[in-house]
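J.: build me a structure from this.
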Amino acid sequence: MSKLATLRGIIQELRYALPATNLRENLGYQYIISQYRKYNTTDEQLCKAREEMDFLAKTYLCYLKSSRLSGEIHDEFHGKGERTVQETARMVGFKLPHDPK
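T.: Prediction:
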């Protein structure tokens, strides 16, 4: 994954996490952009800090994505009281046979 794709992924996850706010005014967004600009080097330069920052960016992207997916799974499967047999079967992908008359 390229460094630009990683940055775009982080921004997308921030938009998911903060849907009602202007992202450019967010301190987290400003910090991430400033760090990307600070460690901007050409491909011909060898920079250990840049490689470390790339690793941290990918780790942060993984954290944001995993947190969002964890919340979605929790919301979907968290106990909502008693469910019918049909609802439970549909939730796990099964269909019940039709009742004979």
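J.: count of neighbours near the closest residue to M1 other than its chain neighbours?
T.: Nearest residue to M1 in three dimensions, chain neighbours excluded: K58, at 6.9 Å (CB to CB, 6 or more residues apart in numbering). Just so you know, the C-beta spots here come from the backbone N, C-alpha and C atoms, and that holds for glycine as well. When neighbours are defined as other CB atoms under 10 Å, K58 has 16 of them.
J.: which strands and helices sit next to the strand or helix carrying K58?
T.: Under the criterion of DSSP states H and E, K58 resides in helix 48-77. Contacts defined by 3 or more CB pairs under 8 Å, 6 or more residues apart in numbering; DSSP states H and E place helix 48-77 against helix 3-17, helix 27-38.
J.: go through it and flag the buried ones.
T.: Buried residues in helix 48-77, counting neighbours by 16 or more other CB atoms under 10 Å, are found at 53-54, 57-58, 60-61, 64.
J.: residue nearest the centroid of this protein?
T.: Closest residue to the average C-alpha location of the chain: K65 at 1.9 Å, with CA atoms, centre = their mean.
J.: for that one, what are its contacts?
T.: Counting by CB atoms under 8 Å, 6 or more residues apart in numbering, K65 touches 9, 13.
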